[in-house]
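Participant: have a look; sequence and predicted model below, questions after that.
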Amino acid sequence: MVQVPVYYFSSGSGMVKLFATRLGRPVFDLGNRHVRRSVPEGPWVLLTPSYKTGNPDNDALPEPVRRFLRHPLTRRRLVGIMGSGNRNFGAHYQAAARQIARASGRPILFEFELQGTPWDLERAREILAELDARYSHVEG
């Protein structure tokens, strides 16, 4: 069965990358310019962190994620969003995932804090397996 790929962005801390690489499926790092300029061939999931620096005018959406979502076909093939955040951000917790969900009309599939727990990883795998089954017949 074809697996729905996950495109992710991770900061220098590597927490999101650690989570993504433990999903056991194709994952693509949006920190890589070649990946950022590509277009997914079919349904895909975005895994994004949220950042907040304390400036209320500062956008929580990482710039590599914003750039990747500029292509209309990339946006159309997005099936859902997973978010990593820090509860210390208060009202801005998961701001990037929620902003993308509102703008795209796609669901937030799962949210977790920082690098996630073993339970978070297992739940994310279950959600992705459900998507694999749902989209196994879909091409581009």
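Facilitator: That came in fine, so what should we check first?
Participant: what bridges to the most centrally placed residue in the chain?
Facilitator: In the chain, the centroid-proximal residue (Cα atoms, centre = their mean) is residue 47; its distance is 1.4 Å. For residue 47, the beta-bridge partners are residue 8, residue 82 (DSSP bridges).
Participant: I figured it hits residue 18, correct?
Facilitator: No. Using Cβ atoms under 8 Å, residue 47 is not in contact with residue 18; the gap is 11.3 Å. For the C-beta atoms, the positions are set from N, CA and C on the backbone; glycine is no exception.
Participant: anything in contact with each of these two?
Facilitator: Among the neighbours of residue 47, none is also in contact with residue 18 (Cβ atoms under 8 Å, 6 or more residues apart in numbering).
Participant: quick one, helices of this structure?
Facilitator: Under the criterion DSSP state H, the chain contains helices at 15-21, 33-36, 63-68, 72-77, 95-104, 118-135.
Participant: I figured residue 95 was touching residue 49, is that so?
Facilitator: No. Taking contacts as Cβ under 8 Å, residue 95 lies outside contact range of residue 49: 10.0 Å.
Participant: quick one, which of those two is more surrounded?
Facilitator: Remark: of residue 95 and residue 49, residue 49 carries more neighbours, 24 against 18, as counted by other Cβ atoms under 10 Å.
Participant: which non-adjacent residue is nearest the more buried one?
Facilitator: residue 84 (4.6 Å; Cβ to Cβ, 6 or more residues apart in numbering).
Participant: wait, what's in contact with that neighbour?
Facilitator: Contacts of residue 84 (Cβ under 8 Å, 6+ apart): 15-16, 19, 47-50, 111-116.
Participant: re earlier: got the contact list for the residue nearest to the centre of the chain?
Facilitator: Neighbour list for residue 47: 6, 7, 8, 9, 16, 19, 20, 27, 81, 82, 83, 84 [criterion: Cβ under 8 Å, 6+ apart].
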